[in-house]
Structures are given as C-alpha cells and as structure tokens.
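Asks: Below: sequence and its predicted model.
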Amino acid sequence: MPNELDQLKRHPYRVSFGGRDLGLLAELPEIRIGHRCREWRLYDNDGGDEPATEVVDTSALVSVASCDIATALELISPFAVGDDVLAAERTRELVLSPPGQSGEKTLRFPRAVLLPELEYSPRPDNHRAKITFRALPDDNGTLFTFA
C-alpha cells in the first residue's frame, strides 16, 4: 500500500460520496488496493525468452463504517437484480476528510462506485453501517489523491 495511506491518523474521518455526507466514521476506513496483471514472455532475436508481468487494471476497495445509519441504508436501497453496479452513471467522488482544523490531508478517490454490500450492526455499543466502494482510476490514470 502506498506510504501516504499509512499516514492516516486515528481520528474520526468524515466521508462524503458524490457530495452526500455520510457523517463521521465509527472506525478507520479499510483500503485495499489491488492490481490485475497479465503474465507473458518476451522473446529476443537470440532465441531466448524472459518472463514479464504487466499491470492491466488497478482498483481499490474502500470499506467505511458510518455512524449515519439512515443515509447508508438509503444509499444502498436502490440496487436491484440485474443492475450494472459499475455503470458510468453510478460513478461519484469518494472523499475521506479529517475533522475540522486538524491540518491533516484529505483522501480523494475521483471515480468510485458504491457496491451493493452492507454490514449493519444495531447493537447499542456498536451501532454502525459498513458499506464498501470500488474506486477506479480516472481518465488520467489517477486512483486517488492525498493532499
């Protein structure tokens, strides 16, 4: 994982998706960056070959536990059987921002979609809704910014 993500401090980050505020997080976000690779062989003129691996696709899974149960449930409810989850019209900016005047950096995923997954914990001491986003690179190949 990039070094910038290691710098996330342990304080309540605020999340917004497409400008819609999901409120403060109940815990730190879980961010998993993955690459899909293609393996192939490079052949040279001398008859030798060399294995190569090429990155074909990059994405990130971002799971957040929101304390705003109503908004999380409202966002997840429109999904139906047969929906194209990764459709372009579902793409929004996902922003994880530090609280107030902390001086910390904001983590932005310019192109993310909400996945139709939900973990809901209605217990009194652990009331939260965990939802997951898939972030994809934008047209310039940028997966996220941390500034």
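Replies: That came through fine.
Asks: Please make it C-alpha for all contacts and neighbour counts, starting now.
Replies: Will do.
Asks: any chance you could map the strands in the protein?
Replies: Remark: strands assigned in the chain by DSSP state E are 14-17, 20-24, 30-43, 49-66, 92-97, 107-121, 128-135, 145-146.
Asks: Double-check Tyr43 against Ala52; I have them as touching.
Replies: No - judged on CA atoms under 8 Å, Tyr43 makes no contact with Ala52 at a distance of 10.3 Å.
Asks: ranking the strands of the chain by burial, who's on top?
Replies: strand 128-135 (a mean of 22; mean count of other CA atoms under 10 Å).
Asks: Can you name every helix or strand that that strand contacts?
Replies: strand 49-66, helix 69-76, strand 107-121 (3 or more CA pairs under 8 Å, 6 or more residues apart in numbering; DSSP states H and E).
Asks: how close does the residue nearest to the spatial centre of the chain get to Ala26?
Replies: Central residue of the chain (CA atoms, centre = their mean): Val62, 3.1 Å from the mean position. Taking CA to CA, to the nearest Å as the measure, Val62 falls 14 Å from Ala26.
Asks: just to revisit the earlier point, redo the helices and strands packed on strand 128-135 as a markdown table? Include distance to His127 and mean pLDDT.
Replies: Formatted as a markdown table, the helices and strands packed on strand 128-135 follow (distance: least, CA to CA, whole Å; pLDDT from 0 to 100):
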| stretch | distance to His127 | mean pLDDT |
| --- | --- | --- |
| strand 49-66 | 9 | 87 |
| helix 69-76 | 8 | 87 |
| strand 107-121 | 5 | 91 |
